[in-house]
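J.: need coordinates for the below:
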Amino acid sequence: MTEHVQIPEHLRARYGLNNSQWRQRLATSLVVIAILGLIVFTQYRVANPSIEGELVAFKVVSAKQIDVSWKVQRKQGQEIYCAIRAQDIHKTDVGYAIVRLPPGEKIGQAKYSLTTNGTAVLAEVLGCGATKQLRVPPANFPPGVQIPEQKLPGFTPTP
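T.: Sure, this is the predicted structure:
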């Protein structure tokens with residue numbers, strides 16, 4: 001009496017041996033939940049686009065300055081902050097700033113003249129966010145070396 005066909009109908013119902021309907025309902029429910037979750041996630045991403053910064057160009061002006069240009073993506077009219085840095089030939093920071101960008105277009109370009117305490121050979125946009133507390137690598141200056149003061153709208157982060 002191991003086959004389902006030999007078990008009476010009332011016992012199959014009592015012990016859950018009529019699994020075809022249950023499995024079909026479960027599969028349908030999971031598909032509906034997955035579709036609804038995808039719709040909710042998509043609507044959230046449309047309403048709250050990610051904030052991004054991507055380096056476009058940099059120009060070493062002098063041993064004390066490097067001009068940095070980067071592309072910014074954000075919510076329309078949102079104020080954001082971006083962390084940028086310049087490094088020397090030994091990959092040691094010579095300039096570091098958090099730049100406040102006023103509310104603006106959804107996609108735009110930002111420029112900043114970063115003050116350095118040595119000749120820079122590269123610049124990076126470490127990241128952008130909606131607050132001053134960004135999740136980016138901290139300044140990497142040698143011990144005893146001060147981070148150069150920056151001009152507004154940029155500022156030197158406090159350790």
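
J.: state the helix or strand in which residue 113 lies.
T.: Applying DSSP states H and E as the criterion places residue 113 in strand 107-115.

J.: so what strands line up beside that strand?
T.: strand 65-73 (antiparallel) (DSSP bridges).

J.: how about residues contacting the strand it pairs with?
T.: The contact list for strand 65-73 (Cβ atoms under 8 Å, 6 or more residues apart in numbering) reads 49-61, 80, 82, 84, 86, 95, 101, 104, 106-116, 120, 123, 125, 128. Yep, even glycine has a C-beta here, placed from its N, CA and C like the rest.

J.: and stretch 92-102, by the same measure?
T.: 66, 72, 79-88, 110, 112, 114-120, 128, 132, 134, 139-142, 147-148, 150, 153-157.

J.: please tell me the pLDDT value assigned to residue 131.
T.: Note for residue 131: predicted pLDDT of 90.

J.: residues contacting it?
T.: residue 81.

J.: any weak-confidence spans in this structure?
T.: Residue ranges of the chain with pLDDT under 70: 1-5, 16-20, 48-49, 159.

J.: one more time with 50, if that's ok
T.: Scanning the chain for pLDDT under 50 picks out 1.

J.: what ranges do the strands span in it?
T.: In the chain, the strands defined using DSSP state E lie at 52-62, 65-73, 80-87, 93-101, 107-115, 122-129, 154-155.

J.: in a markdown table: these, plus distance to residue 32 and mean neighbour count.
T.: Shown next, in a markdown table, are the strands of the chain (distance: least, Cβ to Cβ, whole Å; neighbours: other Cβ atoms under 10 Å):
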| stretch | distance to residue 32 | mean neighbour count |
| --- | --- | --- |
| strand 52-62 | 33 | 15 |
| strand 65-73 | 33 | 19 |
| strand 80-87 | 37 | 24 |
| strand 93-101 | 42 | 23 |
| strand 107-115 | 36 | 17 |
| strand 122-129 | 35 | 20 |
| strand 154-155 | 50 | 19 |
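
J.: possible to save the ones you listed as JSON lines with distance to residue 42?
T.: JSON lines is the format used below for these (distance: least, Cβ to Cβ, whole Å):
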{"stretch": "strand 52-62", "distance to residue 42": "18"}
{"stretch": "strand 65-73", "distance to residue 42": "18"}
{"stretch": "strand 80-87", "distance to residue 42": "23"}
{"stretch": "strand 93-101", "distance to residue 42": "27"}
{"stretch": "strand 107-115", "distance to residue 42": "20"}
{"stretch": "strand 122-129", "distance to residue 42": "22"}
{"stretch": "strand 154-155", "distance to residue 42": "35"}
